[in-house]
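Visitor: Fold the stuff below for me.
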Amino acid sequence: MRAFLRYIWMYRRLCLIVLTPLLLLPVPLILKSKETECAYVLFVVAIFWLSEALPLSVTAFLPALMFPLFGILPSKAVAATYFKDFHLLLTGVICLATSIEKWNLHKRIALRMVMLVGVNPGWLMLGFMFSAGFLSMWLSNTSTAAMVMPIVEAVAQQIINAEAEVDAMQTGSTGGIDNEALELDEKNCESQPKSSELKPVNGYSNGCVTSYNTETKAAMEEYQEYQNEACSELKTELEEEQPVSSDKKRYRCKKDHMMCKAMGLCIAYSSTIGGLTTITGTSTNLIFAEQFQSRYPGSTDINFGTWFILCIPIAVILMILSWIWLQWLFFGFDFKEMFKCGKERTDREKASAKVIKDEYEKLGPLSYQEIITLILFILMALLWFTRDPGFIPGWATLFPKYMGYATDSTAALLLGLLFFIIPAYPWIRGTKDKSNSFSYVPLITWKEFQACMPWDICILVGGGFALAEGCEVSGLSQWIANKMTPLGSLPIWSVILISSLIVTTVTEVASNPATITIFLPILAPLAEAINVNPLYILIPTTLCTSFAFLLPVSNPPNAIVFSYGHLQVMDMVKAGLGINIMGVLVVMLAISTWAVPMFNLDTYPSWAPIITAPTNSTVIP
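Guide: Prediction:
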């Protein structure tokens, strides 16, 4: 019997793939209607997405197979939903991210921002948080964590080694300590994870690119091995805190261990929080923006500028609260000590300042490639902000005959194409045989772009668009709206809180893109049914979908940090639970205060459909 159960467990995914459609099949066969047939497809896809029985991108193709078979949508119509404006925007963003990573601009930004905030361990952690948060606005959370974490590890180990050297020599100076063994490259770090293969769960969940460069790949490979094969073993390994053996000398004392834990978690959390601020920062934001524009084409409320103004206070508040929470949780938050002016730097601070300065100097002066990338980066952000800022006319008004034709993807593609045109080495001659000719190599090549482009997310998002279109055509969205009208008797804040808590819970065990793709077609009809501005529910739900802080398997940044070996599972649970609660509360604060006048949330908009079925009146506070 035990061998049989082990055999079943081995093929559990195959059993789920076969049994799920068969067990649900009586529903559309008995209740013969387009709504039930579409609901059948929705449930099958949702179960496969949540369980990951099939790869997420493979599951995303099921609507293209099942909708034509049920007569919901013809094959050509379904295929047209798999490529939207979202994909063009993503293409331009990936061009930028590829160039940033190729020319090491991300390392320069991270180290420079850390140098600005000082070298006190507490302030150092805050500097790393804002560095990772800023990078995550433009890169994926996975790439950000994989690129910044080696820097953090090198600094943390240097601080520990410096103090050990000071104690050994009984001197107060650590200025002569070398740092030969500590390098920024992930493969040279002592605690660097081994290699396997990354499963792209949440691979784009807080960012715009899952990079396959050397640094990212090593950390991502460990994530696959951890999630698929060794989850229980790693939990057992780290279940009990073991005293550090004298030969390893990884931590000199408990305070060193707590510092490594706090620094690791601050990178994981800030890599996710930073992506909230921009439409292109996470895949969930992009999926929401595209599905919202598809469902409500008459709305002009959501664009890069309005989203940034809404979310930058949320990210800053949550970043500071997370910093305070981690400080208090792991080594106490001494307010007087942190903000004491004029105090002399400790040996730890001098050591960390030295290693950061040394690593920054290794980058050398700002290169031509970095300057061009930075210029294009700034231009892209400016074009996004000024297209249709709302409070003043944007550059889109220069084309009055074609209002609405140019979107954020237009600006992204314009600047993205320049990365393939501008030469990377304009003053370097070619080969020795052709000394008079100049070699032409663009800033990025197509192969480099392909390596960074998250094709799986493109397909996943397309599957979500196909599901949304099927729900609309079949009448399932209208049916859900009619069934949810009793919720109109509840206060709107309770509806928002319930939906936010549900997605925050689900996203801990499912990928962020899959979670938002499942819930958006349900929550939009809910808002219409209770006569509430859809943005009132969709915005907080979208933001809370990114709050996957609880477990190592919740998203790749958590797994990358966990793989360095400083943390136990319970450490992440305790710290992540507090961040989840604070995140939901901050989002509730935002949606109840400054978001109301920004989007006129207290009125039902003209661009949203009016539900003809009788609904209960809802008074919005």
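
Visitor: quick one: least confident helix or strand in this structure?
Guide: helix 231-237 (a mean of 43; mean pLDDT, DSSP states H and E).

Visitor: Report all helices and strands that the next helix or strand after it contacts.
Guide: Counting by DSSP states H and E, the next helix or strand C-terminal to helix 231-237 is helix 254-273. Helix 254-273 sits against helix 121-136, helix 141-169, helix 304-331, helix 556-562, helix 569-592, with contacts defined as 3 or more C-beta pairs under 8 Å, 6 or more residues apart in numbering; DSSP states H and E. Glycine gets a C-beta too; all of them are placed from N, C-alpha and C.

Visitor: For Asn600, find the nearest of the ones you listed.
Guide: Counting by C-beta to C-beta, Asn600 lies closest to helix 304-331 out of the helices and strands packed on helix 254-273; the figure is 11.8 Å.

Visitor: quick one, that closest one and helix 254-273 angle?
Guide: Computed with axes from the mean of the first three to the mean of the last three C-alpha atoms, to 10 degrees, the direction of helix 304-331 lies at 170 degrees from that of helix 254-273.

Visitor: now helix 304-331: mean pLDDT?
Guide: The average pLDDT within helix 304-331 is 89.

Visitor: buried set for that helix?
Guide: Buried residues in helix 304-331, counted by 16 or more other C-beta atoms under 10 Å: 304-311, 313-315, 317-319, 321-327, 329-331.

Visitor: If I take that helix and helix 121-136, what angle do their directions form?
Guide: Counting by the same axes, to 10 degrees, helix 304-331 points 150 degrees away from the direction of helix 121-136.

Visitor: and Ala424, what does it touch?
Guide: By C-beta atoms under 8 Å, 6 or more residues apart in numbering, the contact list for Ala424 reads 369, 441-443.

Visitor: Which positions in whichever strand or helix holds Val78 come out as buried?
Guide: In this structure, Val78 sits in helix 75-80 according to DSSP H and E. Using 16+ other C-beta under 10 Å as the burial criterion, the residues of helix 75-80 that qualify are Val78.

Visitor: I'd like the next helix or strand past that helix.
Guide: Using DSSP H and E, the helix or strand that follows helix 75-80 towards the C-terminus is helix 85-102.

Visitor: what's the angle from that following helix to helix 121-136?
Guide: Using the same axes, to 10 degrees: helix 85-102 against helix 121-136 is 130 degrees.

Visitor: so what does helix 85-102 touch, helix or strand wise?
Guide: Helix 85-102 packs on helix 141-169, helix 283-295, helix 368-386, helix 408-418, helix 446-452, helix 455-474, going by 3+ C-beta pairs under 8 Å, 6+ apart.

Visitor: Same list (those helices) but as JSON lines, adding mean neighbour count and mean pLDDT.
Guide: Listed next are the helices and strands packed on helix 85-102 as JSON lines, based on neighbours: other C-beta atoms under 10 Å; pLDDT from 0 to 100:
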{"stretch": "helix 141-169", "mean neighbour count": "24", "mean pLDDT": "68"}
{"stretch": "helix 283-295", "mean neighbour count": "24", "mean pLDDT": "86"}
{"stretch": "helix 368-386", "mean neighbour count": "18", "mean pLDDT": "86"}
{"stretch": "helix 408-418", "mean neighbour count": "20", "mean pLDDT": "87"}
{"stretch": "helix 446-452", "mean neighbour count": "16", "mean pLDDT": "89"}
{"stretch": "helix 455-474", "mean neighbour count": "23", "mean pLDDT": "81"}
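
Visitor: tell me the secondary structure for Val596?
Guide: What DSSP: H, G, I helix; E, B strand; the rest coil gives for Val596 is helix.

Visitor: residues in contact with stretch 70-79?
Guide: Counting by C-beta under 8 Å, 6+ apart, 28, 34, 37-38, 40-41, 63-64, 67-68, 466, 469-470, 473-474 sit against stretch 70-79.

Visitor: Could I get the helices and strands packed on helix 254-273 in TSV, plus columns for distance to Ile496?
Guide: Below are these laid out as TSV (distance: least, C-beta to C-beta, whole Å):
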stretch	distance to Ile496
helix 121-136	25
helix 141-169	25
helix 304-331	14
helix 556-562	26
helix 569-592	6
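
Visitor: For Phe549, which of the ones you listed is the nearest?
Guide: helix 569-592 (3.6 Å).

Visitor: can you give me the angle the closest one makes with helix 254-273?
Guide: Using the same axes, to 10 degrees: helix 569-592 against helix 254-273 is 40 degrees.

Visitor: Which positions in helix 569-592 come out as buried?
Guide: Judged by neighbour count using 16+ other C-beta under 10 Å, the buried positions of helix 569-592 are 569, 571-572, 575-576, 578-580, 582-584, 586-588, 590-592.

Visitor: same check, this time on stretch 17-34
Guide: So for stretch 17-34, counting by 16+ other C-beta under 10 Å, buried means 17, 20-21, 28, 34.

Visitor: Also stretch 43-62?
Guide: Neighbour-count burial for stretch 43-62 [16+ other C-beta under 10 Å]: 44-54, 56-57, 59-62.

Visitor: Regarding Thr445, what are the backbone dihedral angles?
Guide: According to degrees, to the nearest 10, the main-chain angles of Thr445 amount to phi -110, psi 170.

Visitor: still on that earlier bit, pLDDT of the helix holding Val78, averaged?
Guide: pLDDT averaged over helix 75-80 gives 90.

Visitor: Please write out the alpha-carbon positions of that helix in CSV.
Guide: Output of helix 75-80 as CSV, limited to C-alpha atoms (Å, rounded to 0.1, in the frame of the first residue of the first chain):
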residue,chain,number,x,y,z
SER,A,75,-10.3,30.0,-33.2
LYS,A,76,-9.4,33.2,-35.1
ALA,A,77,-11.1,35.4,-32.5
VAL,A,78,-9.3,33.6,-29.6
ALA,A,79,-5.9,33.9,-31.3
ALA,A,80,-6.4,37.6,-31.7
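
Visitor: picking that back up, with secondary structure and distance to Thr81 added, can I get the contacts of Ala424 in JSON lines?
Guide: Converted to JSON lines, the contacts of Ala424 look like this (DSSP: H, G, I helix; E, B strand; the rest coil; distance: C-beta to C-beta, whole Å):
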{"residue": "Gln369", "secondary structure": "helix", "distance to Thr81": "38"}
{"residue": "Val441", "secondary structure": "coil", "distance to Thr81": "38"}
{"residue": "Pro442", "secondary structure": "strand", "distance to Thr81": "33"}
{"residue": "Leu443", "secondary structure": "coil", "distance to Thr81": "33"}
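
Visitor: top of these by neighbour count?
Guide: Tallying neighbours with other C-beta atoms under 10 Å puts Leu443 at the head of these, with 23 neighbours.

Visitor: Give me the distance between it and Tyr604.
Guide: According to C-beta to C-beta, to the nearest Å, Leu443 stands 47 Å off from Tyr604.

Visitor: Repeat that for Ile94.
Guide: 37 Å.

Visitor: Settle it for me: which of the two has more neighbours?
Guide: Taking neighbours as other C-beta under 10 Å, Ile94 and Tyr604 compare with Ile94 leading, 27 against 19.

Visitor: Tell me the pLDDT of that one.
Guide: Ile94 is given a pLDDT of 83.

Visitor: Does it touch Trp455 like I think?
Guide: No. Ile94 lies out of contact with Trp455 (C-beta atoms under 8 Å); the separation is 10.3 Å.

Visitor: Surely Gly462 and Lys84 touch.
Guide: Yes. Judged on C-beta under 8 Å, Gly462 makes contact with Lys84 at a distance of 7.5 Å.

Visitor: For stretch 467-478, give me every contacting residue.
Guide: Identification of contacts with stretch 467-478 by C-beta under 8 Å, 6+ apart yields 34-35, 37-39, 41-42, 45, 63, 67, 72-73, 77-78, 81, 291, 294-295, 480, 517, 520-521, 524-525.

Visitor: Please indicate which of those residues are buried?
Guide: 34-35, 37-39, 41-42, 45, 63, 67, 72-73, 78, 81, 291, 294-295, 480, 517, 520-521, 524-525.

Visitor: Which ones among those residues map onto strands?
Guide: In strands, defined here by DSSP state E, there are no members of the buried ones among the contacts of stretch 467-478.

Visitor: All good on my end, thank you.
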